[in-house]
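Student: coords please:
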Amino acid sequence: MGPAVDLTSQRSPRVVAARKLARRSARAKERRFLAEGPQAVREAAAHRTGGQSTLTELFATAEAAVRHADLLEAASSAGVLVHTAADDVVAGLSGTVTPQGLVGVCRFLDRPLEEILAARPRLVAVLAHVRDPGNAGTVLRCADAAGADAVLLTDASVDLYNPKAVRASAGSLFHLPVAVGVPVEEAVRGLAAAGVRVLAADGAGRRDLDGELDAGRMGAPTAWIFGNEAWGLPEATRELADAVVRVPLHGRAESLNLATAAAVCLYASARAQRAPGGCRAGDRDG
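Tutor: The predicted structure follows:
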């Protein structure tokens with residue numbers, strides 16, 4: 001027999017409060033967001049914000065509670081309020097067509113820009129004018145995979161805590177420092193003061209990535225600015241950068257989508273930084 005279901009109504013105050021977090025205004029007011037699925041929930045339970053688990057509340061179907069009993073136990077041990085809820089209650093909190101039976105309420109985890117810069121980052125992704133939440137989450141995931149030290153979202157970009165962005169990050173949201181709502185001018189100024197070379201990724205760039213690699217300029221601490229999915233970066237933003245760099249297209253494709261271009265740029269920097277003479281060449285894991 002499975003665990004007893006303690007939440008059976010979508011009108012339960014707990015459920016109503018959690019469902020409101022699908023709206024940006026409610027997320028901003030409560031400084032809470034939803035994370036769905038076992039991977040995201042596990043990462044949230046292990047992550048700490050202000051010394052406490054980032055996960056504050058967990059809703060699980062009876063089936064998910066059995067399948068992921070270890071996760072629920074770990075969450076409960078971390079002080080998380082755990083509910084076993086009816087399938088339709090959890091489905092009502094889910095933003096997917098096929099819910100995975102677990103939805104967590106999490107604390108905001110973004111950090112001040114000053115704190116990120118004080119850690120002397122060597123690889124940073126800056127999302128400027130990125131409006132699609134799926135793209136934002138995917139770029140964050142790429143940055144995590146490439147070993148970036150931080151991700152910055154400007155005030156002109158999508159909400160990092162949008163459920164689609166959280167899902168697209170595939171847990172990477174909980175792996176590296178992020179700052180949100182930063183004016184792009186402030187971000188570039190701060191990065192430059194921290195000794196970070198700022199490159200704008202743009203298909204119309206005068207320099208190309210291969211040339212930058214061949215010239216040996218990619219091994220230094222670097223921040224990449226990525227722009228809007230449809231129209232790239234405004235001229236004013238491109239002018240802030242030390243250089244505007246395009247990903248060379250050796251075949252007949254007209255362009256690359258945002259996430260693919262970001263992955264190429266970030267991995268190029270990661271490789272150069274770990275090569276002899278690069279800023280990470282002496283790292284133990286290099």
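Student: how many other residues sit next to A170?
Tutor: The number of residues packed near A170 is 18, by other C-beta atoms under 10 Å. No exception for glycine: its C-beta is placed from N, CA and C like everyone else's.
Student: so where does it fall, helix or strand?
Tutor: Counting by DSSP states H and E, there is no helix or strand that carries A170.
Student: correct me, but it touches P38?
Tutor: No. Under the criterion of C-beta atoms under 8 Å, A170 lies out of contact with P38, with a separation of 11.7 Å.
Student: Below-threshold pLDDT in the stretch 151-286 of the chain: ranges please.
Tutor: 284-286 (pLDDT under 70).
Student: In it, mark out all the helices, start to finish.
Tutor: Ranges of helices within the stretch 151-286 of the chain are 163-168, 184-193, 209-214, 235-240, 258-274, based on DSSP state H, counting those that start in this stretch.
Student: which one of those helices lies closest to R246?
Tutor: With distances scored as C-beta to C-beta, the stretch of the helices of the stretch 151-286 of the chain nearest to R246 is helix 209-214 (7.0 Å).
Student: Just confirm R167 contacts V41, I think it does.
Tutor: No. In this structure, R167 sits apart from V41 without contact. The criterion is C-beta under 8 Å, and the distance is 11.9 Å.
Student: More neighbours: which of the two?
Tutor: Taking R167 and V41 together and counting by other C-beta under 10 Å, V41 has the greater number of neighbours (28 against 22).
Student: Chain neighbours aside, what residue packs nearest to that one?
Tutor: Once its chain neighbours are removed from consideration, V41 has its nearest residue in G104; the separation is 4.5 Å (C-beta to C-beta, 6 or more residues apart in numbering).
Student: and that neighbour, that one's in a helix?
Tutor: No. Assignment of G104 by DSSP: H, G, I helix; E, B strand; the rest coil gives strand, placing it outside any helix.
Student: show me the contacts for it.
Tutor: Applying C-beta atoms under 8 Å, 6 or more residues apart in numbering, we find G104 in contact with 34-36, 40-41, 44-45, 55-59, 75, 80.
Student: And the residues you listed, which is closest to A28?
Tutor: Using C-beta to C-beta, L34 is the member of the contacts of G104 that sits closest to A28, with 13.8 Å.
Student: mind checking how far that closest one is from V166?
Tutor: Using C-beta to C-beta, to the nearest Å, one gets 7 Å for the distance from L34 to V166.
Student: Next secondary structure after the helix or strand that contains L117?
Tutor: Here L117, judged by DSSP H and E, is contained in helix 113-118. Sequence-wise, the next helix or strand beyond helix 113-118 is strand 123-127, with elements assigned using DSSP H and E.
Student: Contacts made by that next one with the rest, please.
Tutor: Contacting residues not belonging to strand 123-127 are listed as 116, 136, 139-140, 142-143, 146-154, 157, 184, 187-188, 191, 196, 198, 221-226, 262, 266, 269-270, 273 [C-beta under 8 Å, 6+ apart].
Student: Buried ones among those residues?
Tutor: Among the contacts of strand 123-127, those buried by neighbour count (16 or more other C-beta atoms under 10 Å) are 116, 136, 139-140, 142-143, 146-154, 157, 184, 187-188, 191, 196, 198, 221-226, 262, 266, 269-270, 273.
Student: who touches A46 in this structure?
Tutor: Contact partners of A46, counting by C-beta under 8 Å, 6+ apart, are 53, 74, 174.
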